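Asks: return a 3D structure for these sequence lines:
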Amino acid sequence: MKTLLIVKLGSTCPELADQRGDFEDWIAEGLGPTPTPVQTIDPVRGDPLPAYDALAGVVVTGSHAMVTDRHPWSEQTGQWLLGLLSRDIPLLGICYGHQLLAHVLGCPVDDNPRGLEVGTVPLYLTAEAHEDPLFAGLPNPFLAHVSHRQSVLELPAGAVPLVWSEQEPHHAFRVGRCAWGVQFHPEFDLPIQLAYIRCNTEELRAAGYDPDHLAQQVKPTPEAAGLLARFGQLCLTSFDRLSR
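Replies: Predicted structure coming up:
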């Protein structure tokens, strides 16, 4: 049986990991029950990237590293992602994974000139999103949790823009039939987002934000969270049938 693979490219704050687990745990929970086995690999610690024919789909996690650091494990993983695209293996890149996908396709990734985006924010669907297999049917706008400093500054050639916010014009895009990048965090729930604000209090204050105000604005994000389960189902579905 093929595997639904989580590619772990970083870890959360140690105090949060002790209480709630790590990125891969949150993603696996969000994917929900699936007949396909869910496996995690960690290229940062040297785990080998698997053969493509073993995969039903791939989720690439966030990271506290930066794509602009060009770590060898990051560059190698990025090149491996290209093989998923050429084989139409479903891919969901989250935050760092979103940026890595754009980077390996030749697009600039760097600090967002509008500054940090942290908290719960409304996200807006493009016209193309209403026909997208992953985003069709979502309310416009919908709420999502965000925590990032760097952004995809330009989309890849031929990419389909799907979601934007007032501070982030490229919150989600699709390349090909079944590869998505999302800058927001569908794996975060309300307590996790609050913990991220607490963990980054000093950085937020230095950037001119009021952490207490951000915390007061944190709300549940059921539509964003539901994208993980939807992606898991798409991994089990024929994209030939979806496209007809």
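Asks: look up phi and psi at the nearest residue to residue 196 once chain neighbours are set aside.
Replies: Closest residue in space to residue 196, ignoring its immediate chain neighbours: residue 147 at 4.8 Å, by CB to CB, 6 or more residues apart in numbering. The way it works is simple: take the backbone N, C-alpha and C, and place the C-beta from them, glycine included. With angles defined as degrees, to the nearest 10, residue 147 sits at phi -160, psi 90.
Asks: quick check, residue 147 in contact with residue 96.
Replies: No - the pair residue 147 and residue 96 does not pass the contact test of CB atoms under 8 Å, sitting 11.1 Å apart.
Asks: ok, back up a step: pLDDT score for the residue nearest to residue 196?
Replies: Residue 147 is assigned 94 on the pLDDT scale.
Asks: who touches residue 150 in this structure?
Replies: Contacts for residue 150 (CB atoms under 8 Å, 6 or more residues apart in numbering) come out as 66, 67, 68, 99, 109, 110, 111, 112.
Asks: give the contact list for the first one.
Replies: Shown here is residue 66, whose contacts under the criterion CB under 8 Å, 6+ apart are 149, 150.
Asks: okay, which residue is most central for this protein?
Replies: residue 94 (1.2 Å; CA atoms, centre = their mean).
Asks: that one and residue 215, how far apart?
Replies: Distance, residue 94 to residue 215, by CB to CB, to the nearest Å: 22 Å.
Asks: from the chain's centroid, how far away is the longest helix seen in the chain?
Replies: Longest helix of the chain, by residue count under DSSP state H: helix 72-86. In this view, helix 72-86 has its centroid 16 Å away from the chain centroid, taken as CA atoms, centre = their mean, to the nearest Å.
Asks: and the helix or strand residue 214 falls within, how far from the chain's centre?
Replies: Assigned by DSSP states H and E, residue 214 belongs to helix 211-216. Centroid displacement of helix 211-216 relative to its chain, using CA atoms, centre = their mean, is 23 Å.
Asks: and if you look at stretch 68-84?
Replies: 15 Å.
Asks: coming back round to it: so the residue nearest to the centre of the chain bridges to which residues?
Replies: With DSSP bridges applied, residue 94 shows beta-bridge pairing to residue 182.
Asks: so which elements touch the helix or strand where residue 58 lies?
Replies: Using DSSP H and E, residue 58 sits in strand 55-60. With contacts defined as 3 or more CB pairs under 8 Å, 6 or more residues apart in numbering; DSSP states H and E, strand 55-60 has these neighbours: strand 3-7, helix 72-86, strand 91-94, helix 96-104, helix 222-234.
Asks: among the ones you listed, which is nearest residue 31?
Replies: helix 222-234 (4.1 Å; CB to CB).
Asks: quick one: the closest one to strand 55-60, angle?
Replies: Helix 222-234 runs at 150 degrees relative to strand 55-60, counting by axes from the mean of the first three to the mean of the last three CA atoms, to 10 degrees.
Asks: neighbouring contacts of helix 222-234?
Replies: With CB under 8 Å, 6+ apart as the criterion, helix 222-234 contacts 4, 27, 30-32, 34, 36, 57, 59, 90, 92, 123, 133-135, 138-139, 142-145, 178, 180, 182, 184-187, 189, 242.
Asks: look up how far residue 9 lies from the residue nearest to residue 196.
Replies: 15 Å.
Asks: what about these two, which has more around it?
Replies: Comparing residue 147 with residue 9 by neighbour count (other CB atoms under 10 Å), the higher total belongs to residue 9, at 26 against 21.
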